[in-house]
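Visitor: Pasted the sequence and its predicted model underneath.
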Amino acid sequence: MAKKLKGDQVLTGQLLREGDVVFYAEDGSWSSDLQKAKVATTPEQIDELDLFIAKAEEVNLVIDIYPIVVEKDEAGQLVPSLIREKMRTTGPSIVYADF
Amino acid sequence: MYVYDDFDEKFVRERAAQFRDQVERRLSGQLSEAHFRPLRLMNGVYLQLHAYMLRVAVPYGTLSSKQMRQLAMIATKYDKGYGHFTTRQNIQFNWPKLKDLPDILDDLADVGMHAIQTSGNCIRNVTSDQWAGVAADEVTDPRPYAELMRQWSSLHPEFSYLPRKFKIAITGASSDRAAIAFHDIGIQVLKNDNGEIGFAVYVGGGLGRTPMVGKKIRDFISLEDLLPYLVAILRAYNLEGRRDNKYKARIKILVHETGIDEFKAKVEKIFDGLEKEKLRAPAGEIERIQGFFALPDYASAEANPESLSKARSENPAFDAWVNRNVAEHKQAGYAIANISLKPIAGIPGDATSEQMNLVADLAETYSFSEIRVSHEQNLVLAHVKETDLFELWQALVPAGLATANIGAITDMITCPGLDYCALATARSIPVAQKISEKFADQKRQEEIGDLKVKISGCINACGHHHAGHIGILGLNKKGEEYYQITLGGSGDQAAAVGEILGPGFSGDDVAGAIDTLVNRYVELRNETSETFLEVVKRVGLEPFKEALYADH
Ligand code: HEM
Ligand code: SF4
């Protein structure tokens, strides 16, 4: 890993065929729903996720895989800590395409 | 309009077929992402924040109605029903799927379009004045020379792997609407005392993290030596431009570090040693190209027709639109109609498929089936009869395309920013929307007069903020978006880089800050004709800083 992140982490990437943003889920699939993401909290779990990236990329389903830091909001929902990742998770913040 | 010859046609088809094969191999896993990435970038395919993005070249910003309809079709069939016109006179699709991209490239090839050299360290799409050929202040139409450069630079073997991207802009007018001073090479078409065409050449301009105004390297290069001279500049750059550091790799850094005099000496030395005969365009080629850009057969049309004055006096909204959006044409009885893609509180540069189709139809009816894209992210119908203006406007209104704000404060250049862009540090579009709302009132916009606000979502400066009379740069501080404001930049013939005013503002406070600056300008100006830049030049930044930060 280029730099060590601080905090709970999940893996994200984009679908090779479609480009859609996805998260590595508890059940081993890739989901567009961040709430289904597998969250690594201990250093061991985080290392495990990091090691999984190369293997996941070999499967050739998801590209550009990297870990992001997440937290829980008041409602207990997972939200990315960085604004970039928030935007990436929720989509453009503007009303587009139907003006 | 220029029409591909067999060579172009074949080459674009072949490239689309190659890409189809590459995508198939990528999807089947034969090609890894690492191998595929440079191949997709060579075809204008980026991976953005939420999806792939396709950037399609619109050479020198000229499109036919047929091409525009095809873009609309692509937006509907493969994307979410809209496209984004950019400051490089290109169009970007924000949501194409990789599996569809080969089909999209085929569809583009059907109308003589492609995405080649819209990315990567090569010579990019040559840009030009959106009023080329028809502007009242023009020496001659620059597009034949732009087309010559397009042909020369397409897949140029020596210049396909430059230290960094390379952008060329050309204008034929005295008012620079193509921002030539902020390009790697900027070219101004001139006529000498003998009436011969030649070019003033500027080099080393650019935006990004180190903005620089281009420096003049030649006062006048003859038409036949244009391509050899470009070869000399590019060869000097290719050999000596830095490849060790991406941020220092543009020609502007080389010119800056070498000094323009020494750089010019190097270029001239290479130029003198060239076998120029081999590098010149074949005899007759420029005339052949010019044939395609011949002005349409204008009908004899009445100048300042009675019907126009009548419609203007009866419809204040139409009058405002004519005042703002219609420009003087070379040909008596004709006008240049600018179509704003900056509706109040809209997304600058976006157009829906319906809007694209409508503009294509209107171009067919009123403007010889030709459409222009401006670097300020608007569209232009370049040959409209004055007697048709009212009908045209009436057709634009219901489509949300009749905003009367060309050159006004709500006509902002805005990059995609963090709503789309993987490199962004902050959002640009919502900031533009808030400013647009704040200045929505037509009367107030007219009181303020021409004012260029330009917004980028990171230091790469795709939104030209350095060149804005008021520039806004979105940054990220401790996880929050904040915006730095610059004053005094200019992208025209008086090119200048704006200066930072002081501490930045939160996204919610930017529009208010711009309001404060504009009010201060209105107070400070001696007469309504004194422009924002003239006032900044006369009084300096201090009064503006005071206004902004006095109560902070
Ligand atoms: C969305 C994907 C985009 C990416 C990844 C991107 C990337 C970049 C980068 C890295 C630079 C800095 C180059 C340098 O300083 O060497 C740059 C500059 C620039 N880009 Fe973009 N850009 C994007 C979109 C756009 C759009 C939408 C426009 C037009 C609205 C645009 C027009 C420009 C211009 C005019 C410059 C500054 C001129 C220059 O010095 O090259 N870009 N871009
Ligand atoms: S200026 Fe930055 S945020 Fe805006 S489009 Fe360019 S790279 Fe993206």
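Guide: In hand now; what should we look at? Ligands and ions are numbered 1, 2, ... in the order given.

Visitor: can you give me the helices in chain A?
Guide: For chain A, applying DSSP state H gives helices covering A:43-58, A:83-90.

Visitor: now these as a markdown table including mean neighbour count?
Guide: (Each C-beta comes from the backbone N, C-alpha and C, glycine too.) Below are the helices of chain A laid out as a markdown table (neighbours: other C-beta atoms under 10 Å in any protein chain shown):
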| stretch | mean neighbour count |
| --- | --- |
| helix A:43-58 | 14 |
| helix A:83-90 | 19 |
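
Visitor: Could you list the contact residues of chain B toward chain A?
Guide: Proximity of chain B to chain A (C-beta under 8 Å from any C-beta of the partner chain) is limited to residues B:26-27, B:29, B:33, B:47, B:49-52, B:80-82, B:95-99, B:343, B:346-347, B:350, B:352, B:400, B:418-420, B:424-427, B:429-430, B:433, B:476, B:479-481.

Visitor: List only buried entries from the residues you listed.
Guide: Restricting these to buried positions leaves B:26, B:33, B:47, B:49-52, B:80-82, B:95-99, B:343, B:346-347, B:350, B:352, B:400, B:418-420, B:424-427, B:429-430, B:433, B:476, B:481, with burial counted as 16 or more other C-beta atoms under 10 Å in any protein chain shown.

Visitor: and those near ligand 2, which?
Guide: Taking C-beta under 6 Å from any ligand atom, the overlap between these and the neighbourhood of ligand 2 is residue B:424.

Visitor: Next step: the residues of chain B next to chain A restricted to strands.
Guide: The members of those that map onto strands under DSSP state E are B:47, B:52, B:82, B:350, B:352, B:476, B:480-481.

Visitor: could you pull out the strands for chain A?
Guide: When secondary structure is read from DSSP E, chain A shows strands at A:9-15, A:21-24, A:30-31, A:62-72, A:78-80.

Visitor: So which of these is the most surrounded?
Guide: Counting by mean count of other C-beta atoms under 10 Å in any protein chain shown, strand A:21-24 has the highest mean neighbour count of the strands of chain A, with a mean of 24.

Visitor: Tell me which strands that one pairs with, and in which orientation.
Guide: For strand A:21-24, the pairing partners within the sheet under DSSP bridges are strand A:9-15 (antiparallel), strand A:30-31 (antiparallel).

Visitor: which stretch among the ones you listed comes nearest residue B:203?
Guide: Nearest to residue B:203 among the strands paired with strand A:21-24 is strand A:9-15; the distance by C-beta to C-beta comes to 38.6 Å.

Visitor: for the closest one, the distance to its chain's centre please.
Guide: Relative to the centre of its chain, strand A:9-15 is centred 3 Å away, using C-alpha atoms, centre = their mean, to the nearest Å.

Visitor: same thing with stretch B:505-516?
Guide: In this view, stretch B:505-516 has its centroid 26 Å away from the chain centroid, taken as C-alpha atoms, centre = their mean.

Visitor: same deal with stretch A:57-69?
Guide: Its chain's C-alpha centre lies 9 Å from the corresponding centre of stretch A:57-69 when counted by C-alpha atoms, centre = their mean.

Visitor: mind showing which ranges of chain B have poor pLDDT?
Guide: By pLDDT under 70, the low-scoring segments of chain B are B:551-552.

Visitor: which bits of it sit near ligand 2?
Guide: With C-beta under 6 Å from any ligand atom as the criterion, chain B meets ligand 2 at residues B:415-417, B:421, B:423-424, B:456-458, B:460-463.

Visitor: go again using 8 Å as the cut-off
Guide: Residues of chain B that fall close to ligand 2, judged by C-beta under 8 Å from any ligand atom: B:415-418, B:420-426, B:428, B:456-463, B:474.
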